[in-house]
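A.B. asks: everything below, folded, please.
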Amino acid sequence: MPPKFRSPSSQDLSRRRHYLRAKRRYKFYKMTWRMVALTAFVSGTVWIATSPIWLIQAADQLEISGNQLLSDKNVQALVPVPYPQSLLRVKPDELAKSLEAHEPIERAMVSRRLVPPGLHVRVNERVPVAVALPDTTRPLKTIPTQPVPFEEPGLIDAQGNWMPRNSYRALGANTSLPPLVVRGMQESYQTSWASLYEALRASPVRITGIDWRRPSNLVLQSELGAVHLGPYGKGFKAQLAALDQLRSLEGKVNPEKVAFIDLQDPEHPVVEILQAATTEE
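C.D. replies: Here you go, the predicted model:
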C-alpha cells in the first residue's frame with residue numbers, strides 16, 4: 001500500500017515561513033553590502049583619480065634614468081603628459097612609443113611610481129660614434145622633402161643606425177660631433193659596420209676618417225697617413241695589426257712624404273712615398 005500523505009502541522013508551516021523570511025533577509029543584506037562595497041570602490045577610485053595626492057603636477061615628478069647625452073630636462077620635455085594629470089589615467093606604453101619616435105632614443109620604458117606619485121622613465125640612447133657623409137658623386141634621383149638616411153650628412157651609432165646630424169641639438173642637447181668621419185656610408189654596409197667599428201675601437205692606431213665610397217678599396221685615414229685596404233673582409237683585424245707594427249716607421253719616415261700605405265696583403269705591406277717634383281729652367 002502506498003504511504004499515506006500527512007499534512008504539515010502548524011508548527012511545520014511556522015518554521016517554514018521563518019526559514020523563508022530569514023533567507024530573504026540574508027539575500028537582501030548580501031545585495032545591500034555588495035552595492036555598498038561597489039559604491040565605495042567607485043567613489044574611492046574617483047577620489048584617488050581626482051585627489052591632488054595622485055596627480056602629476058609638473059615635469060620634475062618624472063624620474064629619468066639611462067640617459068647619457070640628453071639631460072633629464074631634455075627627456076622630461078619629450079614626455080607628452082598634459083599637467084596636471086591623474087597618475088591612473090597615464091598610459092605608460094603610449095608614452096614609451098612617443099619617446100621612441102625620436103631618433104636619438106632607441107628604446108624607452110615608462111612605469112608608474114606610487115610613492116611619491118610620479119613616473120619612472122628609462123631610456124636607451126643611440127650614441128653617435130661617427131659623422132656619416134654621403135657619396136656626392138652619386139646624384140639623387142629626386143629632391144627629398146624629408147631627411148633621407150645616408151643621402152645627406154648625418155650621424156651613425158655603433159650598430160650603423162643613421163640619424164639626422166642635428167638630432168640631439170633639435171632636442172635641446174648640447175653635444176659635440178664625434179671625431180670619426182665616414183664618407184660613402186650606405187645602408188647596405190650596416191651589417192659590416194658593427195664589426196668594423198668594434199675592431200677600430202680595439203686598435204691602438206688612431207683612425208680619424210674612413211672612405212667607403214669605393215667598396216673595392218676601403219681607405220682609412222690614420223695617424224700614419226692614408227691606408228688602402230681593398231674590399232672590407234675577414235682580414236680587417238690582421239690589416240689593423242700590420243698597421244700597428246708600421247708605427248715603428250714613424251721615426252724613420254716623415255708621414256708627410258707618405259703617399260699611402262697599401263695593406264691589401266697585410267703580410268707584405270707597401271709604403272708608397274711621394275716623389276719630389278723637379279723642374280728644369
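A.B. asks: work out which residue lies at the spatial centre of this protein.
C.D. replies: Glu106 (1.2 Å; C-alpha atoms, centre = their mean).
A.B. asks: where does the stretch 101-250 of the chain have low pLDDT?
C.D. replies: 138-145, 250 (pLDDT under 70).
A.B. asks: can you pull out the helices in it?
C.D. replies: 167-170, 190-202, 236-245 (DSSP state H, counting those that start in this stretch).
A.B. asks: rebuild these as TSV, extending it with distance to Pro153 and mean neighbour count.
C.D. replies: Any C-beta I mention is one placed from the backbone N, CA and C, and that applies to glycine too. What follows is the helices of the stretch 101-250 of the chain, written out as TSV (distance: least, C-beta to C-beta, whole Å; neighbours: other C-beta atoms under 10 Å):
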stretch	distance to Pro153	mean neighbour count
helix 167-170	12	17
helix 190-202	17	15
helix 236-245	25	18
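A.B. asks: mind checking which of these is nearest Asn161?
C.D. replies: helix 190-202 (7.6 Å; C-beta to C-beta).
A.B. asks: tell me which other helices or strands the closest one touches.
C.D. replies: helix 236-245 (3 or more C-beta pairs under 8 Å, 6 or more residues apart in numbering; DSSP states H and E).
A.B. asks: got the buried residues for the helix or strand just after the helix it packs on?
C.D. replies: Counting by DSSP states H and E, the element after helix 236-245 in chain order, helix or strand, is strand 258-262. Using 16 or more other C-beta atoms under 10 Å as the burial criterion, the residues of strand 258-262 that qualify are Val258, Phe260, Ile261, Asp262.
A.B. asks: got these as a markdown table, with pLDDT columns?
C.D. replies: As requested, the buried residues of strand 258-262 are arranged in a markdown table below (pLDDT from 0 to 100):
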| residue | pLDDT |
| --- | --- |
| Val258 | 79 |
| Phe260 | 89 |
| Ile261 | 92 |
| Asp262 | 94 |
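A.B. asks: roughly how far apart are the closest residue to Ile273 other than its chain neighbours and Gln275?
C.D. replies: Nearest in space to Ile273, with sequence neighbours left out and distances taken as C-beta to C-beta, 6 or more residues apart in numbering, is Lys257 at 5.7 Å. Per C-beta to C-beta, to the nearest Å, Lys257 is found 9 Å from Gln275.
A.B. asks: who's more crowded, these two?
C.D. replies: More crowded of Lys257 and Gln275, by other C-beta atoms under 10 Å: Lys257, with 13 against 8.
A.B. asks: got a list of what the nearest residue to Glu198 once chain neighbours are set aside touches?
C.D. replies: Closest residue to Glu198 apart from its sequence neighbours, by C-beta to C-beta, 6+ apart: Ala158 at 7.6 Å. Residues counted as contacts of Ala158 (C-beta atoms under 8 Å, 6 or more residues apart in numbering) are Val127, Val129, Ala194, Tyr197, Glu198.
A.B. asks: surely the third one and Ile156 touch.
C.D. replies: Just to be clear, that refers to Ala194. No: when contacts are counted by C-beta atoms under 8 Å, Ala194 is not listed as touching Ile156 (10.5 Å).
A.B. asks: what would the buried residues of strand 258-262 look like in JSON lines with distance to Gly184?
C.D. replies: Shown next, in JSON lines, are the buried residues of strand 258-262 (distance: C-beta to C-beta, whole Å):
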{"residue": "Val258", "distance to Gly184": "23"}
{"residue": "Phe260", "distance to Gly184": "17"}
{"residue": "Ile261", "distance to Gly184": "20"}
{"residue": "Asp262", "distance to Gly184": "20"}
